[in-house]
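J.: I would like the atomic coordinates for the input below:
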Amino acid sequence: MYWRLLQLEFKNFIRNPQFGANLGMKILMFFGMAYFSAIFVALPFILYFFAKKKMMADPLLIFCKFFIYYWAFDLIVRYFLQQMPTQNIKPFLTLGISKKKIVNYTVIKILVNFFNWGNLLFLLPFAGLLIYDGGYSIIHVLMFTVGIFAIFYFNNFLNILLNGKDVVLYTVVGVMAGLAALEYFKIIELSYYSQLVFYSFYQYAGVFLIPILLAILVAYLAYQEIYKNFYLDKGLELKVAEGKTENIAFFDRYGVMGTFINNDIRLLKRSKAAKSALIASTFFLFYGLLTFTKGYDSSFMQVFMGIFVTGGFMLMFGQRVPSWDSSYYPLMMTSNVPYKEYLKGKWSLIIIGISVSMILSSLYLLISWEFYLTLFAAGLYNLGVNSYITLLAGAFNKKPIDLNSKSKSFGGGTNNFNMKTILLTIPQMVLPMAVFAVVKYFFGIYPAVASLGILGIIGFLIRDKIFDIIVKVYKTEKYSTLNSFKNA
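T.: Residues are numbered from 1 along each chain as shown. Have a look, this model is predicted:
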């Protein structure tokens, strides 16, 4: 039966109207997996020999000392990126297939997810180095490897239980950030306790069974959670709540466009999907910390970082226009909705997001004045150029977003990117990096900042002409978008 379900999913993939775009995404995902696989394979060698030859320390102790932070990072990444494969399973609920078999099939797909087995690409080479070069006990290294691997499956099923419980996740993040700060100021050494706990997997026989038992327990609870919510009329039911009218009077002065801005602000306040995008965009502000790592200290790469630091909301929100309105988009298209004002409302919200990010990124002045100037220049480029390109990319985004889904695992987790939107990100990134690097090389940092600023100002001055082009593209794609929203 499971093989038959897999065959049906494959047929659904090749017969999908958006087969070309989906195939392109699969190819890009394959290259992405290959890239991260290569990193995972290389990291154990870097860690092992750096710890042994440069730090003159035990590689296993170094790993255990900082693994607690990687555990928290892995959980956060899973929460925002790992989706349950329920979207292609739901049609089977209307067929004569037992729900237990469908849920079992779903769990099997979760178990073979790259987020889980990909960690073996690090753990197995690391175990091999410990055994063959370090002379560690084979049995104890195997116990340690199994225990650590079980933790990743613990995270996997914990992610399902935390699904939709943002407060719990942010509490975990806040606690971990607080403990990291306490360790930085040498008040509490969390890494010391991390070393004691995880090294015990190697040191004491039987301790590695604890994470295995915890993983099994959480897996059982997650299975029950999936089984309980795996109904079309339960896991996808709408929550009934008292309606509230909210309006920001300031935007009323902008007429129809102000109405659209107010609607989008309500969307960000009420929709779980939109709130997740808004919260995720704040994490882009920390992307600039990569300037401390080798490879990101050049001006060329700092502009790349600046685009992400100041454009997090732009990338998370802008590329999903008009998918945010997919539930009532057909109704909008049958009404006398001024398309230009509708798009200007989205664009204005993007501009507000970029401006706020530029202000918040001023904290990078503590790192370097020139670095902040680079971020500021990238922000100006985002304001006057990338905001339009991102909005244009939205015209080719035909994946609907279920704003009323209970959580991302039960209907809300679809990929909102396709080949055209990915191709449009190339000029978003390459052009400003090239302009900035060339001008800085010949004339210095200030003319380089000015060059991106001038491009941004030009974009503002000709915004009406640009919007005319964007509106034409949206109107050209309107019927295919409607059809995709209808058939999704």
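
J.: can I get the helix or strand hosting residue 228 in CSV, CA atoms only?
T.: For residue 228, the host element (DSSP states H and E) is helix 209-229. Taking only C-alpha atoms (Å, rounded to 0.1, in the frame of the first residue of the first chain), the coordinates of helix 209-229 have been written out as CSV:
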residue,chain,number,x,y,z
LEU,A,209,19.7,5.1,25.8
ILE,A,210,18.1,8.2,27.5
PRO,A,211,17.8,10.3,24.3
ILE,A,212,16.6,7.2,22.5
LEU,A,213,13.8,6.6,25.0
LEU,A,214,13.0,10.4,24.9
ALA,A,215,12.8,10.3,21.1
ILE,A,216,10.5,7.2,21.2
LEU,A,217,8.3,9.0,23.8
VAL,A,218,8.0,12.2,21.8
ALA,A,219,7.5,10.2,18.6
TYR,A,220,4.5,8.4,20.2
LEU,A,221,3.0,11.7,21.3
ALA,A,222,3.6,13.2,17.9
TYR,A,223,2.0,10.2,16.2
GLN,A,224,-1.1,10.6,18.4
GLU,A,225,-1.2,14.4,17.6
ILE,A,226,-1.0,13.7,13.9
TYR,A,227,-3.6,10.9,14.1
LYS,A,228,-6.0,13.1,16.1
ASN,A,229,-5.8,16.0,13.7
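
J.: tell me what the very next helix or strand once past that helix is packed against?
T.: Next along the chain after helix 209-229, taking DSSP H and E as the criterion, comes helix 255-270. Where contact means 3 or more CB pairs under 8 Å, 6 or more residues apart in numbering; DSSP states H and E, helix 255-270 is packed against helix 272-283, helix 339-360. All C-beta spots, glycine's among them, are computed from the backbone N, C-alpha and C.

J.: how about the residue lying closest to residue 277 once chain neighbours are set aside, what does it touch?
T.: Nearest non-adjacent residue to residue 277, counting by CB to CB, 6 or more residues apart in numbering: residue 316, 4.3 Å away. With contacts defined as CB atoms under 8 Å, 6 or more residues apart in numbering, residue 316 is in contact with 277-278, 280-281, 284.

J.: from the contact counts, what lies against the lengthiest helix in the chain?
T.: Looking only at the chain and at elements set by DSSP state H, the helix with the highest residue count is helix 19-49. Helix 19-49 makes packing contacts with helix 59-81, helix 120-132, helix 419-443 when contacts are defined by 3+ CB pairs under 8 Å, 6+ apart.

J.: can you list the residues that contact the helix or strand that the longest one is followed by?
T.: So that's helix 419-443. Of the helices and strands lying after helix 419-443 in sequence (DSSP H and E), the nearest is helix 445-461. Helix 445-461 is touched from outside by 299, 303, 370, 373-374, 376-378, 380-385, 387-388, 432, 435-437, 439-440, 466, with contacts defined as CB under 8 Å, 6+ apart.

J.: following helix 445-461, which helix or strand comes up?
T.: Counting by DSSP H and E, what follows helix 445-461 is helix 463-487.

J.: residues in contact with that next one?
T.: Applying CB under 8 Å, 6+ apart, the external contacts of helix 463-487 come out as 17-18, 322, 326, 329-330, 333, 339-340, 343-344, 347, 388, 391-392, 395-396, 398-400, 459.

J.: what are the phi and psi values at residue 205?
T.: The phi/psi pair for residue 205 (degrees, to the nearest 10) reads phi -70, psi 130.

J.: the residue nearest to it when sequence neighbours are not counted and residue 51, how far apart?
T.: The shortest distance from residue 205 to any residue that is not its chain neighbour, by CB to CB, 6+ apart, is 7.0 Å, and that residue is residue 143. If you measure residue 143 against residue 51 using CB to CB, to the nearest Å, the figure is 21 Å.

J.: repeat that for residue 349.
T.: Using CB to CB, we find residue 349 at a distance of 47 Å from residue 51.
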